[in-house]
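Visitor: Give me coordinates for this.
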Amino acid sequence: MPEPKDIMKPKNTVLLEKKGEIAYVTLNYPERLNAVRYAEYQRLVDAVEDCHKDNNIRVMILTGAGDKVWNAGDDLREWPGGGEEKGNPHMSLPLIDYFGAFDPLMTMANIFREWGKVSIMALNGVCALPELIYSADFVIAAEHATIGQPESRLACMPGAGGTQMLPRLVGRRKALEMLLLGEYITAQEAYRVGLVNQVVPLSELMPAAEAIAQKILKISPLSVKFIKKAVQRAQDFPYQAGQELEWLYFTLLLGTEDCKEAIKSYVEHKPMPPFKKG
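Guide: The predicted model follows:
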């Protein structure tokens, strides 16, 4: 991965670098195993929203500093009983309002699902904040990476959509196994059940993520946007409604200059022209 140049302020716990049409976001809190405090949630969502608003960015890759942990989850020192609850402004409110502490996480998840860009998670180790990868478009895992929802082992449960997203991805029984037992699964098991796209040696992690990014950059931005929207709605719509939406997007794409030029190039055996940006 390139050396980060554009560092989010005021602290370097979340790094943001843009290189061409690809943005790199790095969790950079290795002394706490890249755990996320309330401040990091805010910096993460700031970085993601920055990429969201930047029309030049088409792909975002999110990884962690170091070679052992992608993210150790919430910094429990800011949870009730952790001793540093004042670091989380929501702890001064009734516990039911602590839900607001997860607003940035859910904001990011919603952006990943709805935006016309592509998000790639590059897991360089332990992942204890899987709600982010559940909403991502691609997940590449290093061979030693593990994924878990350990909240039940703390007499708690997920609070940012884990019980809702995980069953949609792996089915009810596997989701209950992970959520109730709170045990971590290996990268190989995550690949088997469809949580990750690829498992690679750590040295090949970023090249694998960048290879996907480069392939995405060769696809029409409108195709990416409409395909993502149709797939997202497939999880919520009845089949017939989803099929009608797909047909609508299909016909809209057929009318674009990008599609016409691409078909013409294909028929005439010519190189594909560059696509317009959205």
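Visitor: could you list every residue that touches A213?
Guide: The contact partners of A213, by CB atoms under 8 Å, 6 or more residues apart in numbering, come to 22, 59, 61, 118, 120. C-beta coordinates here come from the backbone N, C-alpha and C atoms, glycine included.
Visitor: any idea what sits nearest G242, other than its immediate chain neighbours?
Guide: Nearest non-adjacent residue to G242, counting by CB to CB, 6 or more residues apart in numbering: A234, 4.9 Å away.
Visitor: re earlier: rebuild the contacts of A213 as a markdown table, extending it with distance to G161.
Guide: Output for those, formatted as a markdown table (distance: CB to CB, whole Å):
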| residue | distance to G161 |
| --- | --- |
| I22 | 26 |
| V59 | 23 |
| I61 | 22 |
| V118 | 20 |
| I120 | 20 |
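Visitor: what's the closest of those to L217?
Guide: When the contacts of A213 are ranked by distance to L217 (CB to CB), V59 comes first, at 6.8 Å.
Visitor: Buried residues in stretch 53-60, which are they?
Guide: Neighbour counts over stretch 53-60 (16 or more other CB atoms under 10 Å) mark 57-60 as buried.
Visitor: Where does pLDDT dip in the stretch 1-150 of the chain?
Guide: Residue ranges of the stretch 1-150 of the chain with pLDDT under 70: 1-11, 76-102.
Visitor: So which residues of it form strands?
Guide: With strands called from DSSP state E, counting those that start in this stretch, the stretch 1-150 of the chain shows them at 14-19, 22-27, 59-64, 69-71, 118-123, 126-127, 138-142, 146-147.
Visitor: Dump those strands to JSON lines, plus distance to T163.
Guide: Shown next, in JSON lines, are the strands of the stretch 1-150 of the chain (distance: least, CB to CB, whole Å):
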{"stretch": "strand 14-19", "distance to T163": "27"}
{"stretch": "strand 22-27", "distance to T163": "24"}
{"stretch": "strand 59-64", "distance to T163": "23"}
{"stretch": "strand 69-71", "distance to T163": "19"}
{"stretch": "strand 118-123", "distance to T163": "20"}
{"stretch": "strand 126-127", "distance to T163": "17"}
{"stretch": "strand 138-142", "distance to T163": "19"}
{"stretch": "strand 146-147", "distance to T163": "15"}
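Visitor: For I263, find the nearest of those strands.
Guide: With distances scored as CB to CB, the stretch of the strands of the stretch 1-150 of the chain nearest to I263 is strand 118-123 (23.3 Å).
Visitor: now that closest one, how far from the centre of its chain.
Guide: With CA atoms, centre = their mean, to the nearest Å as the basis, strand 118-123 stands 5 Å off its chain's centre.
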